[in-house]
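>>> When you get a sec, could you give me coordinates for this:
(one chain, ligands or ions: 2)
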Amino acid sequence: MTDLLQAGRLERAHKATAEAGLDALLLTPGADLRYLTGYDAHPLERLTCLVVTASGSAALVVPELEKAAAEASPAGELDLPIVAWPEGGDAYAVVRDLLRDACGGAPGQVGIANRMWAEQALAFAAALPGTEQALAGPVLRELRVRKSPAEVEALRRAAHAIDAVHDRVGEWLRAGRTEAEVGRDIAEAILDHGHAEAAFVIVGSGPNGASPHHALSDRVIGPGEPVVVDIGGPMPDGYCSDSTRVYCLGDPPPEFAAYYAVLLDAQEQACAAVRPGVTAGEVDAACREPIAAAGYGEYFIHRTGHGIGLDGHEEPYVIGGSGEILESGMAFSIEPGIYLPGRHGARIEDIVVCTESGVDRLNRSPRELVIL
Ligand code: ZN
Ligand code: ZN
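Ligands and ions are numbered 1, 2, ... in the order given. Sure thing, here's the model as predicted:
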């Protein structure tokens with residue numbers, strides 16, 4: 001049992017399932033399954049499913065050919081039966097029978113993983129006629145949303161790894177290269193600096209910087225252009241990084257420099273607003289108000305941030321009007337942006353953790369515009 005995979009998570013999940021009025025949770029591969037067992041199962045058409053019942057039993061149902069991998073994972077060290085179903089067998093019937101045994105009959109309502117494939121959700125509906133389905137997300141959310149000290153350290157390691165990549169972007173980002181060429185170098189460095197995967201690489205040059213989720217293109221980056229670089233991915237332990245910095249190939253256009261200063265100030269103010277008891281909506285407002293006051297409100301077209309952990313985007317969401325009260329241990333991004341369509345854009349993104357005394361900013365690379 002590692003610090004990251006603390007004992008007692010399955011016990012808490014049984015209790016939370018019962019409190020939610022559900023008979024069981026059915027969790028296919030994803031962050032919920034990994035959070036509870038440490039097993040980084042790959043989503044496949046063959047069913048892998050962690051069954052967690054309100055009555056206190058659990059089983060990991062896996063295809064026969066995945067059994068050795070499941071047993072070799074941290075799940076193999078838990079007091080958790082690993083039930084293999086044979087190739088060509090009916091995996092859904094295996095889960096149904098486990099549920100009937102645990103519930104003393106057909107379950108009334110089960111919580112299915114939010115990101116379960118539709119074909120699996122429908123197969124469960126067919127295998128369990130009369131059993132209502134609800135989302136498991138709200139149950140797992142209560143367990144996952146406040147990070148343990150070990151989880152915060154895992155997020156910090158991820159943040160420092162992505163900082164190290166940002167610190168090197170000047171090695172690859174030059175006028176005359178395409179976004180895709182620069183992106184390939186960055187992706188390699190994301191792996192070199194310890195990530196398990198370069199989950200996303202955004203290199204938005206010039207007008208592409210005004211599209212927040214632009215990825216890469218064959219556009220040749222020009223001199224004097226601002227470039228938005230938003231990168232991240234999971235580390236081998238599953239905890240994710242996500243950080244955005246803005247670079248400029250030479251002196252920035254004057255209007256760009258003006259709104260970048262506004263953005264930097266807004267990001268700072270939002271981070272400073274984070275503390276227990278404040279709502280996510282108040283943090284969003286702390287970010288949005290200085291941008292609106294400077295006349296750029298209509299160009300800040302997304303929420304201020306998203307939670308992060310084993311998923312790159314998870315609760316809590318830092319969005320206008322949210323009454324979600326921040327608590328110590330919650331980890332999320334603060335990432336305001338200003339996007340001038342057809343011209344250029346900017347975003348500054350850090351991962352922060354709400355602490356007893358305020359805020360812990362995990363990223364350390366400079367937030368000022370980097371002139372290359
Ligand atoms: Zn990002
Ligand atoms: Zn983000």
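>>> Enumerate every residue touching the closest residue to ligand 2 within the stretch 151-300 of the chain.
When distances are taken as Cβ to the ion, the stretch 151-300 of the chain reaches nearest to ligand 2 at residue 242, 4.2 Å away. Bear in mind the C-beta positions are built from the backbone N, C-alpha and C, glycine included. For residue 242, the contact set (Cβ atoms under 8 Å, 6 or more residues apart in numbering) comprises 162, 230, 231, 232, 308, 312, 333, 349, 351.
>>> For it, give me the pLDDT.
Reading off the confidence values, residue 242 has pLDDT 98.
>>> okay if I get the contacts of residue 242 as CSV plus pLDDT, secondary structure and distance to ligand 1?
Below are the contacts of residue 242 laid out as CSV (pLDDT from 0 to 100; DSSP: H, G, I helix; E, B strand; the rest coil; distance: Cβ to the ion, whole Å):
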residue, pLDDT, secondary structure, distance to ligand 1
162, 98, helix, 10
230, 98, strand, 4
231, 98, strand, 7
232, 98, strand, 6
308, 98, coil, 9
312, 97, coil, 8
333, 98, strand, 7
349, 98, strand, 5
351, 98, strand, 9
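>>> Return only those of these found close to ligand 2.
Among those, proximity to ligand 2 is found for residue 333 (Cβ under 5 Å from the ion).
>>> Just name the closest of the contacts of residue 242 to residue 184, please.
Among the contacts of residue 242, residue 231 lies closest to residue 184 (Cβ to Cβ), at 12.3 Å.
>>> can you list the weak-confidence ranges in this structure?
By pLDDT under 70, the low-scoring segments of the chain are 1-2.
>>> how about the residues of it that lie near ligand 2?
Contact residues, the chain versus ligand 2 (Cβ under 5 Å from the ion): 242, 333.
>>> Buried residues in stretch 168-185, which are they?
Buried positions in stretch 168-185, judged by neighbour count with 16 or more other Cβ atoms under 10 Å: 169, 172, 173, 177, 178, 179, 181, 182, 183, 184, 185.
>>> ok so residue 346 is a strand residue?
Yes: counting by DSSP: H, G, I helix; E, B strand; the rest coil, residue 346 is part of a strand.
>>> can you tell me the residue of the stretch 51-200 of the chain closest to ligand 1?
The stretch 51-200 of the chain approaches ligand 1 most closely through residue 200 (7.3 Å), counting by Cβ to the ion.
>>> Please tell me I have it right and that residue contacts residue 240.
No: the pair residue 200 and residue 240 fails to qualify as a contact (Cβ atoms under 8 Å) at a distance of 10.2 Å.
>>> and the two? which has more neighbours close in?
residue 240 (27 against 17; other Cβ atoms under 10 Å).
>>> hmm, back to that, just the buried members of the contacts of residue 242?
Burial by neighbour count, 16+ other Cβ under 10 Å: within the contacts of residue 242 this picks out 162, 230, 231, 232, 308, 312, 333, 349, 351.
>>> from the residues you listed, which is closest to residue 143?
For these, the nearest to residue 143 is residue 308 (15.8 Å; Cβ to Cβ).
>>> ok, that closest one - contacts?
Applying Cβ under 8 Å, 6+ apart, the residues near residue 308 are 155, 240, 242, 314, 331, 332, 333, 351.
>>> Look up how far residue 270 lies from the last one.
Which is residue 351. Per Cβ to Cβ, to the nearest Å, residue 351 is found 13 Å from residue 270.
>>> Same check on the third one?
According to Cβ to Cβ, residue 242 stands 16 Å off from residue 270.
>>> what does the second one give?
In this structure, residue 240 and residue 270 are separated by 20 Å, where distance is defined by Cβ to Cβ.
>>> What does the nearest residue to residue 325 once chain neighbours are set aside show for phi and psi?
With sequence-adjacent residues excluded and distances taken as Cβ to Cβ, 6 or more residues apart in numbering, residue 325 is closest to residue 279, at 5.7 Å. Main-chain torsions, residue 279, degrees, to the nearest 10: phi -90, psi 160.
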